[in-house]
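J.: Below is the sequence, then the predicted model.
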Amino acid sequence: EAGVAQSPRYKIIEKRQSVAFWCNPISGHATLYWYQQILGQGPKLLIQFQNNGVVDDSQLPKDRFSAERLKGVDSTLKIQPAKLEDSAVYLCASSLGRTQDQYFGPGTRLLVL
Amino acid sequence: AQSVTQLGSHVSVSEGALVLLRCNYSSSVPPYLFWYVQYPNQGLQLLLKYTTGATLVKGINGFEAEFKKSETSFHLTKPSAHMSDAAEYFCAVSGYSSASKIIFGSGTRLSIRP
């Protein structure tokens, strides 16, 4: 069974630029999560999708971050414009349902200069 | 509200020694508790979880954890450390409803000395 795929694995941008991350969850997983993991901290949930609907985006900085999950499969997370404090690893996870075990992708490491 | 405190950002043990990683939680509802492991440049992998029932939970790679409600703790142990156990370990808590999100601790980096 293929795991959660993410791309790119690494990205370096300058502040005020925009960036997008892509996630392909495990086939059949209805629930998809985006986490932000700042160096030295645990992951923090940014947004959770159930199929193509948003369940929780309470910690998503909506003035600069956006996410979508068209057709309830792949998902894209965008930052526009990026700030220095957005430097982090962005993890995507998926699960069969909202109370099921989450499976994490390898993450995208973002450095904002 | 829920939170997790991991005591010790870095733990170093000798190969073959006991591993003990400490975790205390705070939760206003009966908690679900988790331990995840993260190897360098990889995502998180679930080691074990407590939901209900038996308070001693066994996970993968020889790890286990015990839920102690009276101490609000969920410490992770392994009797004999192996070099391959070197990684970052995260304790996490959530509620039992489908609306609950997982709250992670700040992590403990485990180093193994030869």
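T.: Good, I have the coordinates. Because the structure is a prediction, the values reported are computed rather than measured.
J.: Show me where the chain dips below the pLDDT cut-off.
T.: Going with chain A. A:1 (pLDDT under 70).
J.: that's the other chain; I wanted chain B
T.: Low-confidence segments of chain B, defined by pLDDT under 70: B:98.
J.: what does it put close to chain A?
T.: By Cβ under 8 Å from any Cβ of the partner chain, the part of chain B that sits against chain A consists of B:4, B:9, B:41-46, B:49, B:90, B:92, B:96, B:98-99, B:101-102, B:104-107. (Each C-beta comes from the backbone N, C-alpha and C, glycine too.)
J.: Strands - which of the residues you listed land there?
T.: Of the residues of chain B next to chain A, the ones assigned to strands by DSSP state E are B:4, B:44, B:45, B:46, B:49, B:90, B:92, B:104.
J.: My guess is the second one contacts residue B:34. True?
T.: Going back to what we said before, that points to residue B:44. No - counting by Cβ atoms under 8 Å, residue B:44 does not reach residue B:34; the two are 9.5 Å apart.
J.: ok, these two, which is more surrounded?
T.: residue B:34 (29 against 26; other Cβ atoms under 10 Å in any protein chain shown).
J.: Quick check: residue A:105 vs chain B, distance?
T.: With distances taken as Cβ to the nearest Cβ, to the nearest Å, residue A:105 is found 5 Å from chain B.
J.: give me every residue that touches the most centrally placed residue in chain B.
T.: Central residue of chain B (Cα atoms, centre = their mean): residue B:35, 3.3 Å from the mean position. For residue B:35, the contact set (Cβ atoms under 8 Å, 6 or more residues apart in numbering or on different chains) comprises B:21, B:23, B:46-49, B:59, B:63, B:65, B:74, B:76, B:89-92.
J.: Same check on residue B:33?
T.: B:23, B:25, B:49, B:50, B:65, B:67, B:74, B:91, B:92, B:93.
J.: Now do residue 101: how many residues are near it, please.
T.: All of this is about chain A. 11.
J.: To clarify, I was referring to chain B.
T.: 20.
J.: Okay, now the sheet partners of the host helix or strand of residue A:6, with direction.
T.: If you go by DSSP states H and E, residue A:6 is part of strand A:5-7. Strand pairing for strand A:5-7, using DSSP bridges, gives strand A:19-24 (antiparallel).
J.: Lovely, talk soon.
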